[in-house]
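# sharing a model that was predicted from the sequence below.
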Amino acid sequence: QVQVVESGGGLVQAGGSLRLSCAASGTIFSVNSMGWYRQAPGKQRELVAALATGGSPNYADSVKGRFTISRDNAKNTVYLQMNNLKPEDTAVYYCNANYRGTWYAKYVEVWGQGTLVTVSS
């Protein structure tokens, strides 16, 4: 089985910064993409940023210029540097990995449990 574990959430004032980390572990042959999603109270889960292996980052319009996604492919880890945080960034942030366990397997997705980011005004 493959697990992803997020860390780095917390409480920060508006204008501050946080860095989220997510590591995927288990039987992984290759990772197609890793990314971050978020879900605010009463809202649907939405894409924040994603990065395919060998590809360019994809960001939600609301975070462009403030958030930066990066990966350490050797460690199956993805990071999200969040700067100039706003109260509307408050949400549970989830890590997602699209991977396959063997060379002949299909790619599947796995989700983390989420980490809470709270931005106070």
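That came in fine, so what should we check first? Numbering: from 1, shown residues only.
# ranges for the helices of this protein?
Here the chain has no helices by DSSP state H.
# how much space between V31 and G55?
As defined by C-beta to C-beta, to the nearest Å, V31 lies at a distance of 12 Å from G55. Where you see a C-beta, it was placed from the backbone N, CA and C, and this is true even at glycine.
# likewise for S25?
23 Å.
# between the two, who's got more neighbours?
S25 (13 against 10; other C-beta atoms under 10 Å).
# pretty sure N58 sits against W36.
No - using C-beta atoms under 8 Å as the test, N58 is too far from W36 to be in contact (10.7 Å).
# can you list residues touching both of those two?
Listed contacts common to N58 and W36 are 47, 49-50; contacts here mean C-beta atoms under 8 Å, 6 or more residues apart in numbering.
# closest one of those residues to A97?
Proximity of the shared contacts of N58 and W36 to A97 was ranked by C-beta to C-beta; the top entry is A50 with 10.3 Å.
# ok, that closest one touching V31?
No - the criterion here is C-beta under 8 Å, and A50 misses it with V31 at 11.8 Å.
# beta partners for the spatially most central residue of the chain?
Closest to where the C-alpha atoms of the chain average out (C-alpha atoms, centre = their mean) is W36, at 2.4 Å. Note on W36: beta-bridge partners by DSSP bridges are A49, C95.
# list the contacts of it.
20, 22, 47-50, 69, 78, 80, 93-96.
# out of the residues you listed, which are buried?
20, 22, 48-50, 69, 78, 80, 93-96 (16 or more other C-beta atoms under 10 Å).
# any chance of JSON lines for those, columns pLDDT and distance to A105?
As requested, the buried ones among the contacts of W36 are exported to JSON lines (pLDDT from 0 to 100; distance: C-beta to C-beta, whole Å):
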{"residue": "L20", "pLDDT": "98", "distance to A105": "28"}
{"residue": "C22", "pLDDT": "97", "distance to A105": "21"}
{"residue": "V48", "pLDDT": "98", "distance to A105": "27"}
{"residue": "A49", "pLDDT": "98", "distance to A105": "26"}
{"residue": "A50", "pLDDT": "98", "distance to A105": "21"}
{"residue": "I69", "pLDDT": "98", "distance to A105": "25"}
{"residue": "V78", "pLDDT": "98", "distance to A105": "21"}
{"residue": "L80", "pLDDT": "98", "distance to A105": "27"}
{"residue": "Y93", "pLDDT": "98", "distance to A105": "28"}
{"residue": "Y94", "pLDDT": "98", "distance to A105": "23"}
{"residue": "C95", "pLDDT": "98", "distance to A105": "21"}
{"residue": "N96", "pLDDT": "97", "distance to A105": "18"}
